[in-house]
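Asker: Here is my input, please return the structure:
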Amino acid sequence: MVLASELGKSMQLNSTDMTFYMGLPAFLILLVPSFTLSHPSWPGQPSMTDFEVHCKVYDLAPGVLGLGLLLGVFASAYNVTQYSMVQSLSATYTTFAGNFNKATAIVISLAVGLEELPAGVWGFVMLLATLGNIGSFTAYSMLQLKK
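Answerer: Got it, this is the predicted structure:
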């Protein structure tokens, strides 16, 4: 986020430019590992690279790849929005907001029964960490309002 903020200021890039200028190098960097690194497999299946998984999905259900492309469009729109927030607010505030959203999603998924806390002490630790995350964003936001 700090890099996005600095690029926006020093190079006068808008949020759309930053999204696509940063996306292409990331794609190229991840291209080689996607063809070479194998991942653990499902039971009864060999381990496969990302490209092999892509080919398997294409064989079994090619329409799913269209959904993947659609998700890419949504991810790009999200990144444009996020970089726009970085430029108009601050990198710190945007990062806190993103973490707050994740913590809130955890609380909601626990409340509706989609997830459950780990057994033992780790459940308590996770609950404290999630509530601490929400509390820290709330405190930071309140301090910013007082300025």
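
Asker: Now do the same contact list for Ala129.
Answerer: Contact criterion CB atoms under 8 Å, 6 or more residues apart in numbering gives no residues in contact with Ala129. Every residue, glycine included, has its C-beta placed from N, CA and C.

Asker: per-residue pLDDT, it?
Answerer: At Ala129, the model reports a pLDDT of 90.

Asker: what helix or strand does it sit in?
Answerer: helix 121-146 (DSSP states H and E).

Asker: in that helix, what counts as buried?
Answerer: 130, 133-134, 137 (16 or more other CB atoms under 10 Å).

Asker: Go through those and name the one nearest Thr16.
Answerer: Phe137 (27.0 Å; CB to CB).

Asker: And for the closest one, nearest residue in space, chain neighbours not counted?
Answerer: Counting by CB to CB, 6 or more residues apart in numbering, Phe137 lies nearest to Phe100, which is 4.0 Å off, once chain neighbours are set aside.

Asker: in which helix or strand would I find Met18?
Answerer: helix 15-36.

Asker: ok so, going back, other residues contacting the strand or helix carrying the residue nearest to Phe137?
Answerer: If you go by DSSP H and E, Phe100 is part of helix 91-111. Outside of helix 91-111, the residues within contact range by CB under 8 Å, 6+ apart are 1-2, 4-5, 82, 85-86, 115-117, 126, 130-131, 133-134, 136-137, 140-141, 144.

Asker: what do you get for stretch 136-147?
Answerer: By CB under 8 Å, 6+ apart, the residues outside stretch 136-147 that reach it are 92-93, 96-97, 99-100, 103.
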